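**Student:** make a model of this:
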Amino acid sequence: MPEDMANHEPDQSTAPQASESGAGENGIPPEPAVESEAAPVADELPQESDAVPEEVAAEDPGEPPAPAPKVSNKHWYVVKVQSGREESIREAIERRVRIEGLEEYFSKIIIPVEKTAEMRNGKRVVKERKLYPGYLMVEVEYNDRILYLFRETSGVGDFVGGSLQHAPPPMTDREVERMLGRQGDKEDVKIVHHKPKYDRGDRVKVKEGTFAGMEGEVKELIEAKGQVRVELTIFGRPVPVELEYWQVEHV
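**Tutor:** Residues are numbered from 1 along each chain as shown. The predicted model follows:
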């Protein structure tokens with residue numbers, strides 16, 4: 001080794017002196033410094049995927065299972081009421097149900113009706129006709145509270161088929177479907193024709209229409225159409241003419 005490089009080697013004898021010079025004034029060496037570990041950088045932390053596997057999502061215990069549908073104890077029954085008061089009795093029952101808080105046992109009341117059309121003074125008039133006058137169809141849960149409410153309502157009789165010892169039988173599914181189907185068909189209008197007051201061979205006079213004032217003889221009654229065929233004399237010849245019931249009257 002060259003001489004000049006040997007002269008530059010550090011003096012090993014001075015290292016312990018530097019260490020000893022670091023002691024405190026009382027000769028107690030200082031505690032060695034503890035190197036703090038650097039916190040991991042956010043980018044270095046393992047990232048958890050936000051996506052939840054389908055199997056885990058399906059078996060998530062955090063969501064409560066859907067409650068099972070409650071079984072209804074309500075059924076349709078027939079109730080006898082005072083004829084002619086069906087609407088007012090229905091309103092009275094519905095009002096008492098709300099006042100006494102029995103909505104959980106009560107569903108609805110239906111007055112079965114059908115629509116009929118008849119001709120009046122040349123105009124088609126549509127009316128509602130009760131199918132079962134004096135009866136109501138009710139959907140309720142039959143129990144003592146409902147029975148007492150109905151019996152204490154003015155104009156209400158008993159549940160059809162029931163007695164003090166036996167509960168009334170509910171309507172069959174077929175009866176209910178037929179009844180509700182007729183109520184839901186708003187376009188189903190039954191044409192009603194009044195029975196004519198004439199017979200074949202009667203002399204009648206036309207009241208309105210093209211042949212008003214003319215007289216003739218009834219030749220045929222067309223009840224399906226609500227018409228009558230009258231033979232009129234026009235220009236000296238007999239001519240059969242079909243007229244509405246209301247268009248003619250007895251001579």
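
**Student:** once you drop chain neighbours, what's closest to residue 213?
**Tutor:** Setting aside the residues directly before and after it, residue 213 is nearest to residue 206 in space (CB to CB, 6 or more residues apart in numbering), at 6.6 Å. Every C-beta, even on glycine, is put in place using the N, C-alpha and C of the backbone.

**Student:** swap in residue 107?
**Tutor:** Distances taken as CB to CB, 6+ apart place residue 139 nearest to residue 107, at 3.8 Å, with adjacent residues excluded.

**Student:** parallel or antiparallel, list what pairs with the helix or strand hosting the one you found.
**Tutor:** Per DSSP states H and E, residue 139 falls inside strand 135-140. Paired strands of strand 135-140, with direction, are strand 75-81 (antiparallel), strand 106-110 (antiparallel) (DSSP bridges).

**Student:** now the shortest one: mean pLDDT?
**Tutor:** Spelled out, that is strand 106-110. Across strand 106-110, pLDDT averages out at 94.

**Student:** mind listing what's buried in that strand?
**Tutor:** 106, 109 (16 or more other CB atoms under 10 Å).

**Student:** same deal with the longest one?
**Tutor:** Buried residues in strand 75-81, defined by neighbour count with 16+ other CB under 10 Å: 75-79, 81.

**Student:** tell me which residues in the helix or strand containing residue 238 are buried?
**Tutor:** Taking DSSP H and E as the criterion, residue 238 maps to strand 237-244. Across strand 237-244, burial judged by 16+ other CB under 10 Å covers 241, 243-244.

**Student:** out of those residues, the closest to residue 93 would be?
**Tutor:** residue 244 (42.7 Å; CB to CB).

**Student:** residues in a beta bridge with the closest one, which ones?
**Tutor:** Going by DSSP bridges, residue 244 forms beta bridges with residue 227.

**Student:** circling back: got the contact list for the strand holding residue 139?
**Tutor:** Contact with strand 135-140 is made by 74-81, 86, 89-90, 93, 105-112, 146, 160, 171, 179, as judged by CB atoms under 8 Å, 6 or more residues apart in numbering.

**Student:** before we move on, back to that, redo the strands paired with strand 135-140 as JSON lines? Include distance to residue 233.
**Tutor:** As requested, the strands paired with strand 135-140 are exported to JSON lines (distance: least, CB to CB, whole Å):
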{"stretch": "strand 75-81", "distance to residue 233": "56"}
{"stretch": "strand 106-110", "distance to residue 233": "55"}
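
**Student:** out of those strands, which is closest to residue 167?
**Tutor:** Residue 167 lies closest, by CB to CB, to one member of the strands paired with strand 135-140: strand 75-81, at 9.3 Å.

**Student:** need the next SSE after the closest one, C-terminal direction.
**Tutor:** Next along from strand 75-81, by DSSP H and E: helix 86-100.

**Student:** can you show me the CA trace of that next one as PDB?
**Tutor:** Extracted in PDB, the C-alpha atoms of helix 86-100 (Å, rounded to 0.1, in the frame of the first residue of the first chain):
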ATOM      1  CA  GLU A  86    -130.100  -1.000   2.300                       C
ATOM      2  CA  GLU A  87    -128.000   2.100   1.600                       C
ATOM      3  CA  SER A  88    -128.700   3.800   5.000                       C
ATOM      4  CA  ILE A  89    -128.100   0.600   6.900                       C
ATOM      5  CA  ARG A  90    -124.800   0.100   5.100                       C
ATOM      6  CA  GLU A  91    -123.700   3.700   6.100                       C
ATOM      7  CA  ALA A  92    -124.800   3.100   9.700                       C
ATOM      8  CA  ILE A  93    -122.700  -0.100  10.000                       C
ATOM      9  CA  GLU A  94    -119.600   1.500   8.400                       C
ATOM     10  CA  ARG A  95    -119.900   4.500  10.800                       C
ATOM     11  CA  ARG A  96    -120.200   2.300  13.900                       C
ATOM     12  CA  VAL A  97    -117.200   0.200  12.800                       C
ATOM     13  CA  ARG A  98    -115.100   3.300  12.700                       C
ATOM     14  CA  ILE A  99    -116.400   4.600  16.000                       C
ATOM     15  CA  GLU A 100    -115.800   1.300  17.800                       C
END
